[in-house]
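Q: Any chance you could fold what I've pasted below:
(one chain, ligands or ions: 1)
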Amino acid sequence: MKVMKLALALALAAGIGSCGKPSGPGAVDAERLAAADQNAEWLSYGKGYSEQRYSPLEQVTTANVGQLGLAWYAQFDTDRGQEATPLMVDGVLYTTTAWSKVFAFDAATGKLKWSYDPQVAGAKGFDACCDVVNRGVAVWKGRVFVGTIDGRLIGLDAKDGKVLWQTQTTDKSRPYTITGAPRVVKDKVLIGNGGAEYGVRGYLSAYDAGTGKLLWRFFTTPNPTGAADNAASDKVMRERGASTWGDGEWKKTGGGGTVWDSMAYDPTLDLLFFGVGNGTPWNHQRRSGGVGDNLFLSSIVAVKPDTGEYVWHYQTTPAESWDYTATQHIMLADLNIAGQTRKVVMQAPKNGFFYVLDRATGKLISAKPYTNISWATSVDPATGRPVETPNARYGAGPALAVPGPLGAHNWQPMAFNAKTGLVYIPTNVTPFAYTDDRGFSYKPGAWNVGVDFLANALPTDAATQKAVASMIKGQLVAWDPVQQKAVWTVDHPYFWNAGVLSTAGGLVFQGNAQGELAAYDAAKGAKLWTYKAGNGVIAAPMTYQLNNEQYVAVMVGVGGGGQISAPGFMPNRPRLPGRLLVFKLGGKATAPEFKVPVRPAADLTNVNSTGDVQRGFALFHQNCQVCHGPNAEGSWLPNLKASPMLTTPEDWRSVVIEGALAPRGMASFARFMTPQDAEDVRAFVISVAKAPAAAPEAPTGARAAPAAK
Ligand code: CA
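A: Sure thing, here's the model as predicted:
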């Protein structure tokens, strides 16, 4: 009898009793998540459903932040980009690394509790426009959910990392990827995907948290065949979406509109908000014949989480033509505007305008540029549409526009502090020369953007290059969303810096490209504390309290696009393994200096190629530069000028055509290049490797040297 009572008590304690209240590791439920913004943990990607990334913790303050020291650290087995925000639930810190791996640590000591590797095939890295990154997990009722770069959604047991279910969320024959963190609303795991640079059709899906069964799906572009999808989006697509598309390549590509990052949820209104990406191809003329707004590209969409039923949308960039996604951070807040408390949605999408919308209706309250932009002057308050500048759509010839495809703000999360009333935005100024690719036709599996990257080799004259280089920068902007103006800004020497954390201790934490984690005064922007991480930081920090000590944690490791070496950009750096750094007041731990891998450049003295250098130049900039950087100088993937594979045509071909390095993410290019093409590229890379000083300096993301033919 006693034994049975004990067994019953244990069963209840383990959360399998009839009351339905979860307990044990990862016991997050609706009640806990609804209160998450105000507690000492970090229960969801953006902390709570509002995604404000503001912690009420105030043990670490502007007065004592100088005593912040390392409490513990962990080092990972990948040197690719680290974008995750860790979660801290019941004393366990959950994070992910590149290649979608999951780790659970004791949040006080750093002891590894478990890890999980979804064993993604390396060649899948080819389909990731911007590195094989992952932004984190969701935790709900004893389960940990991760989306993988090969399109799976996986439910793990929070106590040991064992797989409970996994579901393929994408068509494996198309170049879909998942980099974003899932969110959970009402026992539904929400996940989108990426791939709009290549050619996919975007959607958001809801899966049953217990079984992994698909519950609903909302497509963001019409079905190119004209057929119904039997999806949550069918009605609105039929009534409002389909008529906003013209004739064009979207019918082959799927139109893009991927939902690759932002979501937020308002439990009172019972509305789920998500951000939609760019079109495929980018170029509206090529995508849709220059016709129509192309709903729901570049939009914030509000739906009912139970069914996916459409409620409202706001399109930030109608007829998107620049890779101006609206997938950037969506944040909910209550703001006092003209004496009234307004429930708002805030977003700083790539296009450079800061939007404040009424979150019940989606109506525009205000929009102002949060940084330097050149493609539009303002947002018309009556229509909500940007007022574009002449030739912004580059139909009359190449147009140098700010921002470029990297956006005035990208995936790096913002943070809000209700006490200062400020939103802290990590911004970039990165110009790009948009040129219509008039001969564009869809190439399955390749980049399909309808913009001529070869022509973007311009400008070649030194004066223009210098002028453009001087524009490029990164900033941390403290933005007043009511007045729609900057209150303070911090300039960074390079662009592509980190996401942001805001705390009640009056602090704003942000990492940067040159490898620091820094704390700033939230009111004035003064830099109060710096830690040298030894490697660039792009992920957002988070904070939690445990055993009466406040911790600040951040993932370290560059990548994720944007790490291009050129004037104004962070110079080439060694590839270093990712790390998780966790700080507390008086922390005395030390992380060892990184061992910089020594990879001597190949001796090319007697190495030559019979290939055509000029042809190789063109092929390189059309196929290789997005990952390997203009003139093969390296981006987030290696500087090819130093590659030992250059030494013989056979070595080069084994990689480029035969896929010898596919397990590391460099898939075969045999679909896109002949062996002769590959040899021409080798001839070009050898030419720049032997004469680096001769390569003209051009600073845009697609810099290239000699005049293109
Ligand atoms: Ca994009």
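Q: Near the ion, which residues of the chain? Just list them.
A: 278, 323 (Cβ under 5 Å from the ion). Every residue, glycine included, has its C-beta placed from N, CA and C.
Q: show me the biggest helix of the chain in terms of residues.
A: The longest helix of the chain (DSSP state H) is helix 675-690.
Q: buried ones in that helix?
A: Neighbour-count burial for helix 675-690 flags 677-689 (criterion: 16 or more other Cβ atoms under 10 Å).
Q: Also stretch 247-267?
A: Those would be 248-266, for stretch 247-267 by 16+ other Cβ under 10 Å.
Q: Check stretch 646-654 too.
A: Using 16+ other Cβ under 10 Å as the test for burial, stretch 646-654 gives 646-647, 649, 651-653.
Q: mind listing the helices for the chain?
A: Using DSSP H, the helices of the chain run over residues 2-13, 30-34, 234-236, 250-253, 284-288, 462-471, 613-623, 625-628, 649-656, 675-690.
Q: contacts for the third one?
A: The one in question is helix 234-236. The contact list for helix 234-236 (Cβ atoms under 8 Å, 6 or more residues apart in numbering) reads 228, 310.
Q: what is the mean pLDDT for that helix?
A: On average, the pLDDT along helix 234-236 is 98.
Q: Next: the second one.
A: Here helix 30-34 scores 95 as its mean pLDDT.
Q: List the contacts of that helix.
A: So helix 30-34 is contacted by 39, 43-44, 48-49, 184, 186, 267 (Cβ under 8 Å, 6+ apart).
Q: Can you give me the buried ones in it?
A: Within helix 30-34, the residues that count as buried by 16+ other Cβ under 10 Å are 32-33.
Q: now that helix: how far from the chain's centre is it?
A: When distances are taken as Cα atoms, centre = their mean, to the nearest Å, helix 30-34 is centred 26 Å away from the chain's centroid.
Q: quick one, phi/psi of the most centrally placed residue in the chain?
A: When Cα atoms, centre = their mean is applied to the chain, the residue found nearest the centroid is Trp411 (3.8 Å). The phi/psi pair for Trp411 (degrees, to the nearest 10) reads phi -80, psi -20.
Q: Need phi/psi at the residue nearest to it when sequence neighbours are not counted.
A: Excluding its sequence neighbours, the residue lying closest to Trp411 (Cβ to Cβ, 6 or more residues apart in numbering) is Asp261, at 5.3 Å. Torsion angles at Asp261 (phi, psi; degrees, to the nearest 10) stand at phi -150, psi -70.
Q: what's Asp261 in contact with, if anything?
A: 135, 179-180, 192, 275, 327-329, 411.
Q: Now render those residues as JSON lines, adding pLDDT.
A: Formatted as JSON lines, the contacts of Asp261 follow (pLDDT from 0 to 100):
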{"residue": "Arg135", "pLDDT": "98"}
{"residue": "Thr179", "pLDDT": "98"}
{"residue": "Gly180", "pLDDT": "98"}
{"residue": "Gly192", "pLDDT": "98"}
{"residue": "Gly275", "pLDDT": "98"}
{"residue": "Thr327", "pLDDT": "98"}
{"residue": "Gln328", "pLDDT": "98"}
{"residue": "His329", "pLDDT": "98"}
{"residue": "Trp411", "pLDDT": "97"}
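Q: Any chance of JSON lines for the helices of the chain, columns distance to Pro431?
A: Converted to JSON lines, these look like this (distance: least, Cβ to Cβ, whole Å):
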{"stretch": "helix 2-13", "distance to Pro431": "59"}
{"stretch": "helix 30-34", "distance to Pro431": "41"}
{"stretch": "helix 234-236", "distance to Pro431": "36"}
{"stretch": "helix 250-253", "distance to Pro431": "26"}
{"stretch": "helix 284-288", "distance to Pro431": "20"}
{"stretch": "helix 462-471", "distance to Pro431": "6"}
{"stretch": "helix 613-623", "distance to Pro431": "17"}
{"stretch": "helix 625-628", "distance to Pro431": "17"}
{"stretch": "helix 649-656", "distance to Pro431": "31"}
{"stretch": "helix 675-690", "distance to Pro431": "23"}
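Q: which one of these lies closest to Leu546?
A: Among those, the nearest to Leu546 by Cβ to Cβ is helix 30-34 (16.1 Å).
Q: Output the closest one as PDB, restricted to C-alpha atoms.
A: What follows is helix 30-34, C-alpha atoms only, in PDB (Å, rounded to 0.1, in the frame of the first residue of the first chain):
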ATOM      1  CA  ALA A  30       1.300  28.300 -21.400                       C
ATOM      2  CA  GLU A  31       1.100  29.800 -17.900                       C
ATOM      3  CA  ARG A  32       4.800  29.900 -17.500                       C
ATOM      4  CA  LEU A  33       5.400  31.300 -21.000                       C
ATOM      5  CA  ALA A  34       2.800  34.000 -20.500                       C
END
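Q: Which single residue in the stretch 351-500 of the chain comes nearest to the ion?
A: Pro405 (6.5 Å; Cβ to the ion).
Q: pLDDT wise, what is that residue at?
A: 93.
Q: confidence score at the closest residue to it other than its chain neighbours?
A: Nearest non-adjacent residue to Pro405, counting by Cβ to Cβ, 6+ apart: Asp323, 3.7 Å away. With respect to pLDDT, Asp323 has a value of 98.
Q: next one: Met4
A: For Met4, pLDDT reads 42.
Q: start to end distance for stretch 206-213?
A: One end of stretch 206-213 sits 9 Å from the other (Cα to Cα, to the nearest Å).
Q: Please work out the average pLDDT along that stretch.
A: 98.
Q: Leaving out sequence neighbours, find the closest residue to the residue of the stretch 1-150 of the chain found nearest the ion.
A: In the stretch 1-150 of the chain, the residue that lies nearest the ion is Cys129 (6.5 Å; Cβ to the ion). Spatial nearest neighbour of Cys129, excluding adjacent residues (Cβ to Cβ, 6+ apart): Glu197 at 4.2 Å.
Q: looking at it, Asp117 is touching Lys101, isn't it?
A: Yes. The pair Asp117 / Lys101 is scored as a contact, 5.0 Å apart, by Cβ atoms under 8 Å.
Q: Look at the two and report which has more neighbours.
A: Per other Cβ atoms under 10 Å, whichever of Asp117 and Lys101 has more neighbours is Lys101, with 22 against 13.
Q: which residues does the more buried one contact?
A: 76, 78, 115-118, 134.
Q: now with 7 Å?
A: 115-117 (Cβ atoms under 7 Å, 6 or more residues apart in numbering).
Q: just for the stretch 351-500 of the chain, where's the confidence low?
A: Within the stretch 351-500 of the chain, the stretches with pLDDT under 70 are 455-461.
Q: where along it do the strands fall?
A: Using DSSP state E, counting those that start in this stretch, the strands of the stretch 351-500 of the chain run over 353-358, 364-369, 376-379, 386-388, 399-401, 415-417, 422-429, 432-434, 473-480, 485-492, 500-503.
Q: just the stretch 201-350 of the chain next, same as before
A: 203-208, 214-219, 263-266, 271-275, 299-303, 310-315, 330-337, 340-347.
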